[in-house]
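>>> Please find the sequence and the predicted model below.
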Amino acid sequence: MISKKLWISCICVPIILILIGLAGCDTTASTNHATAVPVITTAITGISSTTSTSTAAITSYSIFPTTFSTTTKLLTKTPTTITVTPGVTFDSPGGEYLWPITVGPYGDLWFTDANGNTIDKISVTGKMTEYDVPTAGAGPNGITTGPDGNLWFTETQANKIGKISPETGAIVEYNVPTNSAGPDGIIAGPDGNLWFTETIGKIGEISPVTDIVNEFDIPDKAGFPTSITVGSDGDLWFTETDGNNIGKISPATGNITEYNIPSNNAGSLGITAGPDGNIWFTEALKKSIGKISPVTGSITEYKVSGSFGIAAGPDGNIWFTDGANIGKISPITNVITEYNVSANNGPVGITAGPDGSMWFTEWRNKIGKISPTTGTITEYPIGN
């Protein structure tokens, strides 16, 4: 089990960031339009004072999993639907901690609930199912669909990687070799393995075929890697929240490169690959959206009202959450549009759904979706 300090960093710090975002967001208008002007653009070429490269030492482990048949709770929720207007509020009993969200192999949206210690799914019609994680207080966090058809997730507090069968709900857990590693974000790599961040300063991978785990040290040991995605270049790109870097690792060689973010103490958090070939990321502490070119390493930053989660949408825009609003930025025109969400619910994780909507988590107790075409928001309350 990881230390109390690391658990606070992994779970409580994002909540603090959300509160910062809520305090700084203007919620008097439902939709705000702005043409973003890049704050800073910097070209990083080769290896310079702001770029460091490491050929990471690899440690391999063969992990023997423990399999559980989980308790399943079936819930059918009646959604509350709104067309975005100012001043709309909802009752919020709270008690959940929802963040990452992803699409499963059968078109359901899967998300983790750290406080409830469950892996949850919701259909596009609003039917919800919860699966208890076997390890008590595991702190389920990142989640993604694996090449084997299972949903893979991190257990930040239990220091484990888990997988759940979408057909049976059976969960298998794997111990992370490094103690108190703090596994956080996770993504399926182009090599068929699952890649995850370890906030202790490592990138890990696990094979869904052999269960072998590899770990790679990042150059900035205090970087605190969090979210991870696959770039257009086939590398795995990740944010370093404390190191103020964007990193990448080659799945073929394990070589790691770090790019320094121009703004100091940006608090990089979410990350996604854009339709323009760039890697887009959020800067929670600077309330900015950044993008980095995989070809040149140049970074551009755009000022917004806040930023946490980020995902590419079916409309060609980059969608993001800011703790109070759902926003989008056009990678072509740089025009930013923001939509106000019901008061105090704190939208954080976001992903493109199979129905053409952008689905997002509200860390207090709701799942929401927004139509990229109309801006209509639908919210589904979560409750135990």
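Yes, it's here.
>>> distance of Pro166 from Ile119?
Separation of Pro166 from Ile119 (C-beta to C-beta, to the nearest Å): 10 Å. Glycine gets a C-beta too; all of them are placed from N, C-alpha and C.
>>> which of those two has more neighbours?
Between Pro166 and Ile119, Ile119 has the larger neighbour count (other C-beta atoms under 10 Å), namely 25 against 16.
>>> Which residue is the nearest non-sequential neighbour of that one?
Tyr131 (4.7 Å; C-beta to C-beta, 6 or more residues apart in numbering).
>>> was I right about Thr144 contacting Trp152?
Yes. Using C-beta atoms under 8 Å, Thr144 makes contact with Trp152 at a distance of 5.7 Å.
>>> Overlap in contacts, those two.
Taking C-beta atoms under 8 Å, 6 or more residues apart in numbering as the criterion, Thr144 and Trp152 both touch 186, 188, 194.
>>> coming back round to it: wait, the residue nearest to Ile119 sits on Gly169?
Yes. Using C-beta under 8 Å, Tyr131 is in contact with Gly169, at 5.0 Å.
>>> So for those two, which residue has more residues nearby?
Tyr131 (22 against 18).
>>> beta partners for the more buried one?
For Tyr131, the beta-bridge partners are Thr72, Ile119 (DSSP bridges).
>>> do the same with Ala312
Beta-bridge partners of Ala312, as defined by DSSP bridges: Ile318.
>>> That one: how many residues sit nearby?
20.
>>> give the contact list for it.
272-275, 280, 318-319, 352.
>>> List just the nearest of those residues to Thr300.
Proximity to Thr300 was ranked across those by C-beta to C-beta; first place goes to Trp280, at 9.9 Å.
>>> Check the secondary structure at that closest one for me.
strand (DSSP: H, G, I helix; E, B strand; the rest coil).
>>> For Glu365, give me the pLDDT.
That one is not Glu; residue 365 is Asn. At Asn365, the pLDDT value in this model is 83.
>>> And for it, the neighbour number?
Asn365 has 26 nearby residues by other C-beta under 10 Å.
>>> Give me the distance between it and Ile382.
Applying C-beta to C-beta to Asn365 and Ile382 gives a distance of 5 Å.
>>> next one: Val172
For Val172 relative to Ile382 (C-beta to C-beta), the value is 25 Å.
>>> Looking at the two, which one has more neighbours?
More neighbours surround Ile382 than the other of Val172 and Ile382, with 25 against 19 (other C-beta under 10 Å).
>>> Between the shared contacts of Thr144 and Trp152, which sits nearest Asn264?
Closest to Asn264, out of all of those and judged by C-beta to C-beta, is Ile186, at 28.5 Å.
>>> Tell me the secondary structure of the closest one, please.
Classified using three-state DSSP, Ile186 is strand.
>>> from memory it sits against Lys160, does it?
No. Between Ile186 and Lys160 there is no contact under C-beta under 8 Å: 11.7 Å.
>>> shared neighbours of these two, which are they?
Common neighbours of Ile186 and Lys160 (C-beta under 8 Å, 6+ apart) are Thr154.
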